[in-house]
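**Student:** Below: sequence and its predicted model.
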Amino acid sequence: MGGKQPIEILVVDDRPAQRRALTVLVGDLGADVVEAASGRDALRLLLQRDFAVILLDVNMPGIDGFETASLVRQRKRSERTPIIFVTAYGDETHAARGYQLGAVDYIQQPVDPKALRSKVAVFVELHRKTEEANRHAESLRRHAAQLRQLADLSLAVHGAGSVGELLELVAGAAASIVGAEQVAAELVVDTAPLLGAAAGRNSGRHVVGKPADSALRAFSQSALSDGGPHVMRLGEAELAVHPTWGTLAHASGRAPLRGWLGVPLLARDGRITGAIHLSGKRSGEFDAEDETLLVQVAQIASIAGENTLFKDAQEANRLKDQFLATLSHELRTPLQALLSWASLLQEDASDPALLARGLEVIERSARAQKQLIDDLLDVSRIMTGKLMLELRPVSLSSVIEAALDAVRPVADAKGVRIGASLGTETLTVNGDSHRLEQVIGNLLSNGIKFTSQGGAVQVVLMHDGARAELLVVDSGEGIAPDLLPHIFERFRQADSSSTRHHAGLGIGLAIVRDLVELHGGSVRAESPGRGKGTTFVVTLPLAQPGEVRSVAPPEGPALENASEMPTTLDGLRLLLVDDAEETRECLALMLRRRGAEVRAVSSVPEALAALDTAEPHMLVSDIAMSGRDGFSLIEEIRGRGGAVGRIPAAALTAYARPEEAARALRAGFDLHLSKPVREDDIVAAVLNLARKRRHGA
């Protein structure tokens, strides 16, 4: 890019005295004045330069002013340059001709100096503003192009198959983005600290230089050792006299360096792992903007370099992303039914049957949500074959009906008909009912998503000997033949086909496959092609007479069955501690309507104060609270001694993993309940605490 150009005024007149007079008149308006003695000279100047305004005589030998103006207007570069005719020649007819040729004014001599200066000043200022706008627009275009190149580089480097390929990409992008003629990119590879005995294939120094004979290659080694983790920038003159780098910059037999900009590559732990060096900027010297751009290139290169070198780290990131995607999917499945039915009932709850059905689905979905949260760690075990299922005889018809109920609001909203042909025979499998409902729900959701309004998704249940066969048939977009073998692979996606599932994560059908195989079954997809629908076929072994087996691990001591205990809490004083207002209010209402006298507080200090004044029989407390948590509360209570120190206490918390329950018991709580909790369960917990109090345990 060129620098800022001076603003110039062109005076064209064959009379030297007149040219000089006009030059003096407009020479102090902030622009240089260029004189031309003829139309031909003026046209020659206009081929090379841009002018803010042209002051043009009419009556000149050779090419007169009118012909000169006509030729000026025919040239792209000068077609919009303002022309003011300043002449002692002519009348209204000549003036009209001048205006027809695009002149902005036609001034006859003698000239009013003040008026002419004012008009020329306007065009000088307009030219200045236009040039500033053009420079700004060019800067924006340049920055946009550089950002596009950075974005392209960030994508390209992560596909690099080797260190050499990575450095080639980085070196080319760095030189192009900054605009340099010479570049060297270096990466020092030492994989031993992370990979141990697996290190070696890529270890060593990797350097890419363009051109190959550039002194930058020698520069890179010395600068990497001596430069430190900082950007290094020297102008051409500074580099030539530098005591350390000057000799290398002009080493015999190498392409000499014109300026130098070097940026280190830094690992995540701060180690210098390489560098990018540039020399010979195509326009001007390297500046702060170039530093910023090269630092961004270096950051991209550093990250991509580590990912290219350390495949184990890449795999860990992939597994983490895969787990998070699975988590999102599994949480959304019960939430969809819950939110859809809640929305329907908010709009119209006048139909008692609809209300009862909606509440039933909402409760079932909430329970499924709780179970999913409890099983989040088990989800990761699907990929390692360690997921434990709670197996018991399950009626497939019941599971199918539950899955249909869960997705029905979504299907109705989209205008897709759903139904089932279940036959009259009861088909039972030994399975995990929740996981089987998830399998069928995923397949139904997949069919609904890729079926247009007016289409249909149907579930068909049949059996073949000792195996049940469940078909989910949709009239949707179908699957291309080349994708059928891959649709159950994790993250497999295909635009506008049923291989995409929920926000394009590509995991829904993979989960179906894993869960079906854990049940000893198989799943396959059939489709005649795009636009012809899809059929998913799930095959499961039927339960044999008398077969009852469970592979779920024991969960430890449980509360007494709520159905076998008293259902009222009459006469019990209860201290409830939870900083979530809505949760605290709801729990207090549950307990009060069962007869308990409840003191509900929102913090540990309030709870400690209430212990002295309310004399509660028992405590139910959240764990995670602002300020002080439930652990600090129970620790202080147990440290008081006496009756207060022995108060029965239950932890009611969203921390639901077994190790978190064990920690709560070790801290001094007598029971651990995980949120969300049903009314019957919390009542049963309080009654268990009451029994402990009576027995003086």
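**Tutor:** Great, that's in hand. Source: prediction; values computed, not measured.
**Student:** helices and strands of this protein: which one has the lowest mean pLDDT?
**Tutor:** Least confident helix or strand of the chain, by mean pLDDT, DSSP states H and E, is helix 192-195 with a mean of 34.
**Student:** Show me the contact partners of stretch 514-522.
**Tutor:** The contact list for stretch 514-522 (CB atoms under 8 Å, 6 or more residues apart in numbering) reads 382-383, 387, 389, 429, 431-432, 435-436, 438-439, 467, 523, 538-541. In short, each C-beta sits where N, CA and C put it, glycine included.
**Student:** and the residues you listed, which are buried?
**Tutor:** Among the contacts of stretch 514-522, the ones that count as buried by 16 or more other CB atoms under 10 Å are 382, 387, 389, 429, 431-432, 435-436, 438-439, 467, 523, 538-540.
**Student:** just those residues now: which is nearest L166?
**Tutor:** The shortest approach to L166 among those belongs to I382, at 34.0 Å (CB to CB).
**Student:** Do you know the pLDDT at the closest one?
**Tutor:** Confidence at I382, expressed as pLDDT, is 65.
**Student:** Where is the longest helix in this structure?
**Tutor:** In the chain, taking DSSP state H as the definition, the longest helix is helix 113-157.
**Student:** Report the distance from that one to the chain centre.
**Tutor:** 33 Å (CA atoms, centre = their mean, to the nearest Å).
**Student:** Which members of the contacts of stretch 514-522 occur in helices, if any?
**Tutor:** Members of the contacts of stretch 514-522 lying in helices (criterion: DSSP H): 382, 435-436, 438-439.
**Student:** What residues of stretch 110-127 count as buried?
**Tutor:** 111, 116, 119-121, 123-124, 127.
**Student:** need those in JSON lines with distance to V34 and pLDDT, can you?
**Tutor:** As requested, these are exported to JSON lines (distance: CB to CB, whole Å; pLDDT from 0 to 100):
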{"residue": "V111", "distance to V34": "19", "pLDDT": "84"}
{"residue": "L116", "distance to V34": "17", "pLDDT": "88"}
{"residue": "K119", "distance to V34": "18", "pLDDT": "88"}
{"residue": "V120", "distance to V34": "14", "pLDDT": "90"}
{"residue": "A121", "distance to V34": "17", "pLDDT": "90"}
{"residue": "F123", "distance to V34": "15", "pLDDT": "88"}
{"residue": "V124", "distance to V34": "13", "pLDDT": "89"}
{"residue": "H127", "distance to V34": "14", "pLDDT": "86"}
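**Student:** farthest-separated two in these?
**Tutor:** Top of the distance list for these (CB to CB): V111 and H127, 21.2 Å.
**Student:** that older thread, and the longest helix of the chain, what does it pack against?
**Tutor:** helix 16-26, strand 53-56, strand 83-87, strand 105-108, helix 163-178, helix 288-309 (3 or more CB pairs under 8 Å, 6 or more residues apart in numbering; DSSP states H and E).
**Student:** Just give me the neighbour total for L574.
**Tutor:** 24 (other CB atoms under 10 Å).
**Student:** Let me know the secondary structure of it.
**Tutor:** strand (DSSP: H, G, I helix; E, B strand; the rest coil).
**Student:** swap in V34?
**Tutor:** strand.
**Student:** That one: how many residues sit nearby?
**Tutor:** V34 - counted by other CB under 10 Å - has 17 other residues nearby.
**Student:** Could you do T273 as well?
**Tutor:** For T273, the tally of surrounding residues (other CB under 10 Å) stands at 21.
**Student:** List phi and psi for it.
**Tutor:** Main-chain torsions, T273, degrees, to the nearest 10: phi -110, psi 0.
**Student:** Alright, calling it a day.
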